[in-house]
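In: The sequence isn't on hand, but the structure is:
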């Protein structure tokens, strides 16, 4: 082997010796001890070789590889343009999302693109148009059995020369999103797009927001999920491990620290 290959191999081996703090929800039917350890190793290896957090495509690939290695069934659709579930795990259709930019909030979940809105009537004055788009959202949910988001935080030390990587796997109950059927529809007061942006707001019995659907009338015409309170979800597991130094890809975090 060349000197470069030996150096890379030594780095990778050292990765697995590095400590990691991992814990799982004791009642989790998604993350057992074997998955907790294997996915933690994958995350450490990823950050040894990359300056970016684990994105959706790599997250899907990691789930598939790890679960298969543990003797479980995990199959991703062959088509990259498939509009339904992202991965079939033991016959259960999973939708998986990721979030890891510097605006992430510890206790509120944001999904920048839950689904695209292709056709359908959508203007600027008739809220019945938004009701039709909401029906599209509800039909889209029929393609999933479970919905997960892998969330990433980078916590910086005082001098910003090092810090901690933290990931958490959160399940968003499908039954929670189905509560949008009774949500309040309203136009966005700030929207200047055509079609006009709108909200569907779901509140609890005390009047506090549980989550909001945002109908984005910009270039992509999509539905976002905003302000979804994490207390209504299930945190299946979390992983935290040291970052030995900040690479250039982490520089964006310098302007706004995320404490986790």
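Out: Structure's in. What do you need? These numbers come from a predicted model, not from an experiment. Numbering: from 1, shown residues only.
In: For the residue nearest to residue 220 when sequence neighbours are not counted, list each beta-bridge partner.
Out: Of all residues not flanking residue 220 in the chain, residue 116 sits nearest, at 6.5 Å (CB to CB, 6 or more residues apart in numbering). (Each C-beta comes from the backbone N, C-alpha and C, glycine too.) With DSSP bridges as the criterion, residue 116 is bridged to residue 222.
In: what's the longest helix in this protein?
Out: Determined from DSSP state H, the single longest helix within the chain is helix 33-49.
In: and the next helix or strand after it, how far from the chain's centre?
Out: Scanning forward in sequence from helix 33-49 by DSSP states H and E, the next helix or strand is helix 56-69. Helix 56-69 sits 14 Å away from the centroid of its parent chain (CA atoms, centre = their mean, to the nearest Å).
In: and if you look at stretch 130-144?
Out: Mean-position distance between stretch 130-144 and its chain equals 20 Å (CA atoms, centre = their mean).
In: pLDDT averaged over that stretch, what's the number?
Out: For stretch 130-144, mean pLDDT rounds to 95.
In: Now do the buried residues in that stretch.
Out: 130, 133-134, 136-137, 140-141, 144 (16 or more other CB atoms under 10 Å).
In: Now do the longest helix of the chain against helix 56-69, angle only.
Out: Comparing the axes of helix 33-49 and helix 56-69 via axes from the mean of the first three to the mean of the last three CA atoms, to 10 degrees yields an angle of 140 degrees.
In: list the helices and strands helix 33-49 packs on?
Out: Other helices and strands packing on helix 33-49, by 3 or more CB pairs under 8 Å, 6 or more residues apart in numbering; DSSP states H and E, are helix 3-17, strand 21-24, helix 56-69, strand 163-172, strand 234-243.
In: where are the low-confidence patches of this protein?
Out: 80-82, 158-161, 244-260 (pLDDT under 70).
In: now the spatially most central residue of it, what's its secondary structure?
Out: For the chain, residue 98 is the residue whose C-alpha lies nearest the centre (CA atoms, centre = their mean; 2.5 Å). Here residue 98 is recorded as strand under DSSP: H, G, I helix; E, B strand; the rest coil.
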